[in-house]
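Enquirer: what follows is a protein structure lacking sequence information:
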């Protein structure tokens, strides 16, 4: 049941105007940029803006940076945390 639910959410995200650019080779929508802007500090945005000629190029580079950052966080933090949690549960005999 949970897998089916997860697939429904994933499918909805893939076709959402806000998130479809993540799954397809598309530029981010205006909604996506507004969402990301609410999570990105002006300082971080300024770092990218000064290195690119247009706002579109700066946004594209920032999105790529955020995607890479999220992948690294997942790999270096969440996966390791998950392994440690499973080891702890095994040591407590709860699995």
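Expert: On my side now, so go ahead. Just so you know, these numbers come straight off a predicted model, no measurement behind them.
Enquirer: residue 34: how many residues sit nearby?
Expert: Residue 34 has 11 neighbours, counted by other CB atoms under 10 Å. Bear in mind the C-beta positions are built from the backbone N, C-alpha and C, glycine included.
Enquirer: okay, and it sits in which element?
Expert: For residue 34, the host element (DSSP states H and E) is helix 30-39.
Enquirer: tell me which residues in that helix are buried?
Expert: 32-33, 36 (16 or more other CB atoms under 10 Å).
Enquirer: list the contacts for the residue of the chain positioned farthest from its centre?
Expert: Relative to the centre of the chain, and counting by CA atoms, centre = their mean, the farthest-placed residue is residue 93 at 34.1 Å. By CB atoms under 8 Å, 6 or more residues apart in numbering, the contact set of residue 93 is empty.
Enquirer: about what we covered before: tell me what the helix holding residue 34 is packed against?
Expert: Helices and strands touching helix 30-39, by 3 or more CB pairs under 8 Å, 6 or more residues apart in numbering; DSSP states H and E, are helix 55-73.
Enquirer: which other helices and strands contact the helix it packs on?
Expert: If you count contacts as 3+ CB pairs under 8 Å, 6+ apart, helix 55-73 packs onto helix 30-39, helix 42-49.
Enquirer: okay, the angle between the first one and helix 55-73?
Expert: With axes from the mean of the first three to the mean of the last three CA atoms, to 10 degrees defining the directions, helix 30-39 sits at 60 degrees from helix 55-73.
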